[in-house]
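Colleague: Provided below for reference: sequence and predicted model.
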Amino acid sequence: AVSDLAHGVCNSVVYVGDDNNSHMIQHDAALMQHWSALCEDFYVSINPFGTGMEISFESIQLNERVMEKICSCLRGRNVREVGFTRIEFTNIRAAIQSLRTMLKHSPKVKSLLWSGIPIESADDMALFVQMMSERHSCLEKLRFGWNGEGNTHALLAGVDLSKYKRLDFDGNNIRTNGLADILNLISSNSPLESLDLDSNNLNDDDAVLIAESLSRNSNLKELRLCSNNIHQRGKSALL
């Protein structure tokens, strides 16, 4: 696929360590030459025209040097979406910093996927929130799934999401728990068109509050609430 980039016939590249999701491909020094070759191809061959590339990485271990190479070669290129799913970063703070630098200099990136990579340190999550705050005026889509309730509420509380068109927070075990971040996001009637809250821990009380917020929203076209703890009372409020 990489060889097709310069000819404009390739719209996306997915680098998957293990497509069965059962094993994490560990970093090996012998792979550095392959990473270097891939990054060089990205840097040289991404077509500067058109709607932009989608680049994503899944189920692999990335050390600090490789992540810096990836972000450096994508910086400023015609890339519309960057994704990281179930990645084991050997230095997650350095990874966030590399991604932050890349996004800061890549205004064409409109979508970010960060899924299945829980951030354990509060300081590292604060850096991630800072990165997203710097990019809130450019990004239109964010999928922040399977990263934990605390991280999700930190993101909702610390980042202005009022200009996003699509937000996915699936699999984060979230509830409102008296917090108004999700409710305010809906009731603010922002340009948001799609909100994915599948596979969380929302209950009937949460559904009633969400329904009240929806009464003040005229832009949201899709709201996903599958695989929560919502029963008849909550469903009736939403209908």
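Modeller: Noted; the coordinates are in hand.

Colleague: Assumed A207 was part of a helix.
Modeller: Yes - per DSSP: H, G, I helix; E, B strand; the rest coil, A207 lies within a helix segment.

Colleague: shouldn't R86 be in contact with S115?
Modeller: Yes - under the criterion of C-beta atoms under 8 Å, R86 makes contact with S115 at 7.2 Å. The C-beta positions use only the backbone N, C-alpha and C, and glycine is treated the same way.

Colleague: which residues touch the residue nearest the centre of the chain?
Modeller: Nearest to the geometric centre of the chain sits L113, at 2.6 Å (C-alpha atoms, centre = their mean). L113 makes contact with S56, E81, V82, G83, F84, T85, L142, R143, according to C-beta atoms under 8 Å, 6 or more residues apart in numbering.

Colleague: Give me the three-state assignment for it.
Modeller: Per three-state DSSP, L113 ends up strand.

Colleague: where's it relative to S236, distance?
Modeller: In this view, L113 and S236 are 34 Å apart by C-beta to C-beta, to the nearest Å.

Colleague: Same question for S111.
Modeller: For S111 relative to S236 (C-beta to C-beta), the value is 35 Å.

Colleague: Compare those two (neighbour count), which wins?
Modeller: Legend: neighbour count by other C-beta atoms under 10 Å for S111 and S236, higher for S111 (19 against 12).

Colleague: Could I get the full set of helices for this structure?
Modeller: In the chain, helices defined by DSSP state H lie at 32-45, 64-74, 92-104, 122-135, 149-158, 181-187, 204-214, 232-238, listed in chain order.

Colleague: looking at these, which is closest to D170?
Modeller: helix 149-158 (10.2 Å; C-beta to C-beta).

Colleague: Show me the contact partners of that closest one.
Modeller: 118-119, 125-126, 128-129, 132-133, 144, 169, 172-175, 179, 181-182, 185, 201.
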